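Novice: sequence-free structure coming up:
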């Protein structure tokens with residue numbers, strides 16, 4: 001299975017490539033004043049306004065630095081009003097790797113309060129933690145005041 005691999009701080013993470021619609025260069029994000037931590041703001045994409053989550057803030061407590069390798073990982077979601085997009089800001093989004101789903105195993109340490117942090121794979125590239133998009137989208141919907149509005153497609 002193919003995975004898009006990115007970095008947050010010094011740790012590597014991956015999302016299933018099949019669930020990624022597109023990887024965009026970092027674009028200007030319009031801030032939403034008073035937004036919860038992790039919700040970076042909104043950006044325009046193909047005539048739609050798309051919310052962007054900063055995975056750095058959400059997972060390691062600091063924003064992703066604005067660099068050439070910082071990207072927006074775009075995934076399609078299903079809302080009460082139809083299909084829409086969700087952008088995830090991640091640094092060092094530069095690799096796609098073939099990894100076996102069976103190669104990921106649960107850590108002995110629970111990720112309390114972060115149901116989207118999935119199992120870990122030991123690879124020649126180091127440890128890579130899987131991000132489960134279904135729980136991430138559900139968590140984002142609850143945390144950002146859209147409870148029940150977002151679900152994984």
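Specialist: Received the coordinates, thanks. Predicted model only: the values in this text are computed from it and were never measured. Residues are numbered from 1 along each chain as shown.
Novice: Which pLDDT does the model give the residue positioned nearest the centre of the chain?
Specialist: The structure's the chain has its C-alpha centroid closest to residue 88; by C-alpha atoms, centre = their mean the separation is 4.3 Å. Note on residue 88: pLDDT of 94.
Novice: what do you get for residue 79?
Specialist: Here, the pLDDT recorded for residue 79 equals 65.
Novice: related to what we said a few turns ago, that's a strand at the residue nearest to the centre of the chain, yeah?
Specialist: Yes. Per DSSP: H, G, I helix; E, B strand; the rest coil, residue 88 lies within a strand segment.
Novice: ranges for the helices of the chain?
Specialist: 55, 133-143 (DSSP state H).
Novice: Going by contacts, tell me the helices and strands next to the shortest one.
Specialist: If I follow you right, that is helix 55. Here helix 55 touches strand 82-98, going by 3 or more C-beta pairs under 8 Å, 6 or more residues apart in numbering; DSSP states H and E. Backbone N, C-alpha and C define where each C-beta goes, glycine included.
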